[in-house]
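Trainee: structure of the sequence below:
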Amino acid sequence: MSTELRATPGAPSARPARPARLAAAVLALVLAALALALGTAGRAAAADDSPAQRIADGLRESPVYVDPSYEQAFPTDQQRRLAKKIKASGLPVRVVVVPFVSGDAWDGDPEKMVDVVHPRMGEGSDKEAVYMTLSRTEGFLNGYEFPRNGKHEAFWGVAAVGHQEDMKGKSLYAKFSRALEIVKSGDGDKVYEKATKDLHGDRPSSGGGLSPVLLTVLIAAAAAVLLAAVLGYRTVRTHRARTSARAPFTSPRSVFATARKTGVRDLRKRAQRELLAYNKELLAHEPSEDGADSDLLQLSLDAYAAAGKVLDEAQDIPDLAGVLALIHEGRGALHRSEPSASASALPLCFFHPLHGPAAKRVTWRPLGRRESLDVSACADCAAAVAARRAPEVLTQAHGDVRQAHGDVRIPYFEVPPESSLWAATGYGSLTAETLTERVMRGDFTRTSRRP
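Mentor: Numbers count the residues shown, from 1 in each chain. The predicted structure is shown next:
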C-alpha cells in the first residue's frame, strides 16, 4: 500500500517532527487504514477460502486430502487406493498431506492444523477420528486422534513408521498404508517400542576376571550410553527435534513452487493485518507535550510508511518477513517514546524472523567458516547455537543458484548482500542503521529486483 509518509531525500530520518508534518502523517495514516480495512472487509465478505476450510471440504469428499504441491509425490491413483483401504478398514481415519512452513496458517505445526480442521468437519472433540499427517521432521509421519484417550494408539503407531527400516525411502502411499495397518491393529505403542529399540543402549556384560576398577569404568560407560539413549528416545517421543544431522540447516522447506505460493499468500494476509493493527496503535498514541519523543515518533511513522512500501512490492516470504520486521522496529520506537519505556528492543530473530522478537544477542560462527557474527536470536535459536546445533533458518531461492542447480533454496543470508536488503542487514541484526532508514532511502527498491 502506498503512503505519503516518505522522508525528504537526503534529510536525516530522526529529527523533530513539526506539527504540520505530523498532522499530514496522521491524515495519511487514516486514509491508508481506511483503504486497507475496505480491502480486508471485501475479502472477508467472500466465501471462506481458508486453508483449513479447503482441507475440511476435501475430507468430506475423500478421507485422503493431498495438497496440489504433493501430487507428484502422491499421485491421484495412489490417493484413491489409500482411500479405498481406509473405507474398507471401517476406521475414521483421515490423511492430510500438506506442506508445513513457519508463518503459515498454523505456523508450521501439524497438530495446530488438525486442531483447526477437526472442528470445521462439524464434529465435537468426543467424535471418534484419527488424523495422519506429514511431520516437520523429514521422512516421518504424525498421528492424532479424537477423543484424546488413545484408543487406537495412533500417536505412537503412526510415528513408528518413520523408524521402521523397511520404510526408509518408501513412497508416501506406502508409509500411510503401513500407518493405517498399525492403527488398525491397535498396537501402536508396541510397534513403536519395537521400531525404536535401537535407540536404547545395550549394557555390556560383566564377565568374570574383571578388576574392580575396570568394572567400575564399564558400568559408568554403560550408564552414560543408556542416559544418552533415553534422552534421544524422549526427544523423538515428544517431537521436539528441530535439526537434522544430514544437512547444515533445518529450514521450513517446501519443495514445490505451489506450496511456496500458498505460504506467501497466507503470510501476506498476516502482514496486512499486522500493518492495520500498527496503524491503530499510531493513531491512538498521544505525543508528549514537550516534544521530547518527536524523534522516536518520526521513526515509528517512517517505519509504517516503509512497511507499506515493502508490502506493495513484496515478492516472497523473505520480503513479507521484512514487512513484519519493519512493523516490529516501528513499534519498538513507539513504545520507547512512552515515559515508562525500558531499553531499546532487539530486532526479530536473525536466523528466522518469523520466530518473532529476539531474546538475546549471541555469537554465531557459520558452519565451515572462521569468522563469527554477533546476531539477535530467539530463545530456541539461541539454545541451538549454545548447544552447537544448527538453528532453523529462513530460506529463499536465488537466481544464480537456480541457474546452476535448479530450484534450490538456501539460507536467506547466503544471498549476496547487494541482491538482498535482508541478507545485508540480517533483518536488523547486522547494521546499526535502522531497516526503516534503508527502505526510505530506496535500498529495498534497488535490491528487490532479483535475477
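
Trainee: list the buried residues for stretch 113-120?
Mentor: Buried residues in stretch 113-120, counted by 16 or more other CB atoms under 10 Å: 113-118, 120. Just so you know, the C-beta spots here come from the backbone N, C-alpha and C atoms, and that holds for glycine as well.

Trainee: stretch 82-100 too?
Mentor: So, applying 16+ other CB under 10 Å, buried residues of stretch 82-100: 82-83, 85-86, 91-100.

Trainee: now do stretch 52-62
Mentor: Neighbour-count burial for stretch 52-62 flags 52, 54-56, 58-59, 62 (criterion: 16+ other CB under 10 Å).

Trainee: likewise stretch 294-314?
Mentor: Burial within stretch 294-314, assessed by neighbour count using 16+ other CB under 10 Å, is assigned to 294-311, 314.

Trainee: do stretch 431-444 as well
Mentor: 434-441, 443-444.

Trainee: related to what we said a few turns ago, among the buried residues of stretch 52-62, name the ones in helices.
Mentor: Mapping the buried residues of stretch 52-62 onto helices (DSSP state H) picks out 52, 54-56, 58-59.

Trainee: for Ser288, state which of those is nearest.
Mentor: Comparing these against Ser288 with CB to CB places Ala52 closest, at 44.6 Å.

Trainee: quick revisit: pLDDT and distance to Pro287 added to the buried residues of stretch 52-62, as a markdown table?
Mentor: A markdown table is the format used below for the buried residues of stretch 52-62 (pLDDT from 0 to 100; distance: CB to CB, whole Å):
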| residue | pLDDT | distance to Pro287 |
| --- | --- | --- |
| Ala52 | 89 | 42 |
| Arg54 | 92 | 45 |
| Ile55 | 94 | 47 |
| Ala56 | 93 | 47 |
| Gly58 | 94 | 51 |
| Leu59 | 95 | 52 |
| Ser62 | 95 | 58 |
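
Trainee: ok, Pro366 touching Ala390?
Mentor: No: taking contacts as CB atoms under 8 Å, Pro366 lies outside contact range of Ala390: 9.8 Å.

Trainee: more crowded one of the two?
Mentor: Ala390 (20 against 15; other CB atoms under 10 Å).

Trainee: check the average confidence over stretch 314-324, would you?
Mentor: Here stretch 314-324 scores 91 as its mean pLDDT.

Trainee: hang on, I meant stretch 268-278
Mentor: In this model, stretch 268-278 carries a mean pLDDT of 89.

Trainee: helix or strand right after the strand or helix carrying Ser300?
Mentor: If you go by DSSP states H and E, Ser300 is part of helix 294-313. Once the chain leaves helix 294-313, the next helix or strand it forms, by DSSP H and E, is helix 317-336.

Trainee: helix or strand right after that next one?
Mentor: Note on helix 317-336: by DSSP H and E, the next helix or strand toward the C-terminus is strand 360-364.

Trainee: list the buried ones in that next one?
Mentor: 362, 364.

Trainee: quick one: contacts of it?
Mentor: Here strand 360-364 makes contact (CB atoms under 8 Å, 6 or more residues apart in numbering) with 346, 372-377, 379, 381-382, 385-386.

Trainee: strands of the stretch 51-200 of the chain, residue ranges please.
Mentor: Applying DSSP state E, counting those that start in this stretch to the stretch 51-200 of the chain gives strands spanning 64-66, 93-97, 129-134, 141-146.

Trainee: rounded mean pLDDT for the first one, please.
Mentor: So the one you mean is strand 64-66. 96.

Trainee: what does it contact?
Mentor: Residues contacting strand 64-66 (CB under 8 Å, 6+ apart): 55, 58-59, 74, 79-80, 82-83, 86, 94-98.

Trainee: apply 6 Å and report the result again.
Mentor: Contact with strand 64-66 is made by 55, 58-59, 74, 79, 82-83, 95-97, as judged by CB atoms under 6 Å, 6 or more residues apart in numbering.

Trainee: could I get these as CSV with distance to Tyr131?
Mentor: Compiled in CSV, the contacts of strand 64-66 are given as follows (distance: CB to CB, whole Å):
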residue, distance to Tyr131
Ile55, 10
Gly58, 13
Leu59, 9
Phe74, 16
Gln79, 16
Leu82, 14
Ala83, 15
Val95, 8
Val96, 6
Val97, 11
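
Trainee: pick the one among those closest to Leu394.
Mentor: Looking across the contacts of strand 64-66 and measuring by CB to CB, the closest to Leu394 is Val97, at 23.5 Å.

Trainee: my guess is Arg365 contacts Ser372, does it?
Mentor: Yes: using CB atoms under 6 Å, Arg365 and Ser372 qualify as a contacting pair, with a distance of 4.1 Å.

Trainee: among the buried residues of stretch 113-120, name the ones in helices.
Mentor: Using DSSP H, those in helices are 113-118, 120.

Trainee: which one of those residues is nearest to Gly428?
Mentor: Met113 (30.4 Å).

Trainee: how near is the closest one to Thr133?
Mentor: Applying CB to CB, to the nearest Å, the value for Met113 to Thr133 is 7 Å.

Trainee: buried set for stretch 353-361?
Mentor: Neighbour-count burial for stretch 353-361 flags 353-355, 358-359 (criterion: 16+ other CB under 10 Å).

Trainee: end-to-end on that stretch?
Mentor: 14 Å (CA to CA, to the nearest Å).

Trainee: I'd like the average pLDDT over it.
Mentor: 90.

Trainee: swap in stretch 410-424?
Mentor: For stretch 410-424, mean pLDDT is 90.

Trainee: same check, this time on stretch 375-387
Mentor: Computed over stretch 375-387, the average pLDDT equals 89.

Trainee: equivalent analysis for stretch 166-178, please.
Mentor: Rounded mean pLDDT across stretch 166-178 is 93.

Trainee: where does the stretch 201-350 of the chain dip in pLDDT?
Mentor: 201-262, 289-292, 339-344 (pLDDT under 70).

Trainee: picking up where we left off before, for Asp319, find the nearest of the strands of the stretch 51-200 of the chain.
Mentor: Among those, strand 129-134 sits nearest to Asp319 (CB to CB), with 26.4 Å.
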